[in-house]
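Asks: build me a structure from this.
(one chain, ligands or ions: 2)
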Amino acid sequence: TVYPRKMTTAPLRVVVTGAAGQIAYSLLYMIAKGDVFGPNQPIILHLLDIPPMMGVLEGVVMELADCALPLLHDVISTDEPSDAFRDVTAAFLVGAMPRKQGMERKDLLSANVKIFKVQGEALNKYAKKDVKVLVVGNPANTNALICAKYAPSIPKQNFTAMTRLDQNRAQAQIAERLGIPVSQVSNIIIWGNHSSTQFPDASHAVVEEHGQTTSVPEALQDAAWLNSVFVETVQKRGAAVINARKMSSAMSAAKAAADHMKDWFSGTIAGKFVSMGVISDGSYGAPKDVIFSFPVTIRGGKWQIVQDLEISDFARNLLDITGKELEEERQEALQIIEA
Ligand code: NAD
Ligand code: LMR
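Replies: Numbering: from 1, shown residues only. Ligands and ions are numbered 1, 2, ... in the order given. Now for the predicted structure:
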């Protein structure tokens with residue numbers, strides 16, 4: 001019998017912050033079993049949380065061991081950013097306070113933005129210079145901006161914020177409305193902020209069925225629903241989950257984080273795009289130097305904003321509203337940090 005040779009690919013160091021929390025509990029399993037970096041890529045997980053959570057984190061480490069996952073070569077659990085961020089190639093920045101019922105995500109700025117200053121500084125000092133950073137902790141876009149600001153030796157393009165959950169939510173809403181599987185719906189765009197001002201835009205989205213491609217607006221024949229109920233449902237889905245669960249979304253957030261990082265590392269399919277909060281160059285009239293969610297294609301680990309999509313007057317107005325909110329959040333975040 002010929003047995004497969006021992007895997008020779010060097011393990012990838014991946015940090016997850018907030019590792020003792022809700023989202024991490026789902027996310028760590030997905031990463032460690034190969035959903036993100038592929039079935040042949042060994043992983044060393046770096047788990048960061050705060051000192052009072054070290055006991056809980058110990059339990060998570062026990063469970064990871066008990067999963068007996070072949071790709072998981074080592075686990076480092078720590079409350080020290082210097083150990084957590086050393087030599088990492090991918091960073092999931094999840095650790096932050098979640099909002100409670102009745103709050104907007106930006107209400108978390110004062111509690112959370114300082115975390116992302118400290119972690120930006122630690123990434124700058126200890127991480128690989130090509131580290132890919134995904135900020136999940138809210139308010140994700142502005143936290144990512146602050147993180148990048150304090151990591152000047154790492155390209156700004158390497159800091160992204162998660163709007164993939166919004167994209168997945170939007171995809172699920174469209175598929176349900178049309179009574180088709182989610183796999184047949186693609187190219188939905190989330191513009192702007194991961195907040196209730198985001199603009200979920202299905203005007204460029206497509207449905208693929210039996211080798212035929214139809215635009216979503218054409219398949220739906222219901223512009224009124226697309227411009228009202230659909231937009232509002234996606235904008236308020238996070239709050240709806242909090243109202244029901246009394247805790248913010250975790251399983252779906254972990255799945256979205258895995259999707260985001262997987263696409264960033266392995267690329268998008270020809271003709272398809274995904275949405276990511278990335279540093280704005282002013283495309284589509286968005287304000288510059290905020291982390292704005294755009295449609296992007298990815299090749300060779302680099303994202304590019306999809307250009308030349310048509311923007312209706314309806315869309316223009318919503319893009320401006322969410323852009324303005326991001327400028328306001330940036331100002332508030334800088335005030336908090338400089339105070
Ligand atoms: P949680 O409270 O269950 O877990 C957060 C963990 O982060 C806790 O264990 C906490 O101790 C830890 N933490 C706090 N400060 C830290 C620090 N400085 N360094 C390391 N760890 C730290 O919360 P959760 O449900 O896992 O959510 C985490 C964050 O993700 C929240 O801000 C939430 O609003 C956000 N979120 C974002 C999206 C998105 O789509 N972008 C989706 C869902 C949740
Ligand atoms: C979500 O979209 O579910 C998260 O950002 C959590 C929240 O506060 O809504």
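Asks: when you work out contacts or count neighbours from here on, use the C-alpha atoms and nothing else.
Replies: OK.
Asks: how many other residues sit next to whichever residue of the chain sits closest to ligand 2?
Replies: In the chain, the residue that lies nearest ligand 2 is Gly238 (3.4 Å; C-alpha to the nearest ligand atom). Around Gly238 there are 23 other residues, counting by other C-alpha atoms under 10 Å.
Asks: A helix includes it, no?
Replies: Yes. Remark: Gly238 belongs to a helix, assigned using DSSP: H, G, I helix; E, B strand; the rest coil.
Asks: quick one: it from ligand 1, how far?
Replies: Separation of Gly238 from ligand 1 (C-alpha to the nearest ligand atom, to the nearest Å): 7 Å.
Asks: who's in contact with Thr197?
Replies: Taking C-alpha atoms under 8 Å, 6 or more residues apart in numbering, we find Thr197 in contact with Gln235, Leu318, Ile321, Thr322, Glu325.
Asks: before we move on, what about Thr89?
Replies: Counting by C-alpha under 8 Å, 6+ apart, Thr89 makes contact with Leu12, Arg13, Val14, Ala127, Lys128, Asp130, Val131, Lys132.
Asks: from those, which land in strands?
Replies: Judged by DSSP state E, these include Leu12, Arg13, Val14, Lys132 as members of strands.
Asks: reformat those as CSV; add pLDDT, distance to Ala223 and neighbour count.
Replies: As requested, the ones in strands among the contacts of Thr89 are exported to CSV (pLDDT from 0 to 100; distance: C-alpha to C-alpha, whole Å; neighbours: other C-alpha atoms under 10 Å):
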residue, pLDDT, distance to Ala223, neighbour count
Leu12, 98, 46, 18
Arg13, 98, 46, 25
Val14, 98, 43, 24
Lys132, 98, 38, 24
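Asks: what is the nearest of the residues you listed to ligand 1?
Replies: Distances from ligand 1 to the ones in strands among the contacts of Thr89, taken by C-alpha to the nearest ligand atom, are shortest for Val14, at 14.3 Å.
Asks: wait, doesn't the closest one sit right on Gln41?
Replies: No. Using C-alpha atoms under 8 Å, Val14 makes no contact with Gln41, being 11.5 Å away.
Asks: rewinding a little: check the residue of the chain closest to ligand 2 and give its pLDDT.
Replies: As predicted, Gly238 sits at a pLDDT of 97.
Asks: list the contacts for the closest residue to Ile174 other than its chain neighbours?
Replies: Of all residues not flanking Ile174 in the chain, Val185 sits nearest, at 7.5 Å (C-alpha to C-alpha, 6 or more residues apart in numbering). Counting by C-alpha under 8 Å, 6+ apart, Val185 makes contact with Gln171, Ile174, Ala175, Ala205, Val206, Val207, Glu208.
Asks: mind giving me the PyMOL command for buried ones among those?
Replies: Buried residues within these, by 16 or more other C-alpha atoms under 10 Å, are selected in PyMOL with:
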select buried, resi 171+174+175+205+206+207
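Asks: tell me which of the contacts of Val185 is nearest to Leu334?
Replies: Nearest to Leu334 among the contacts of Val185: Gln171, at 34.3 Å, using C-alpha to C-alpha.
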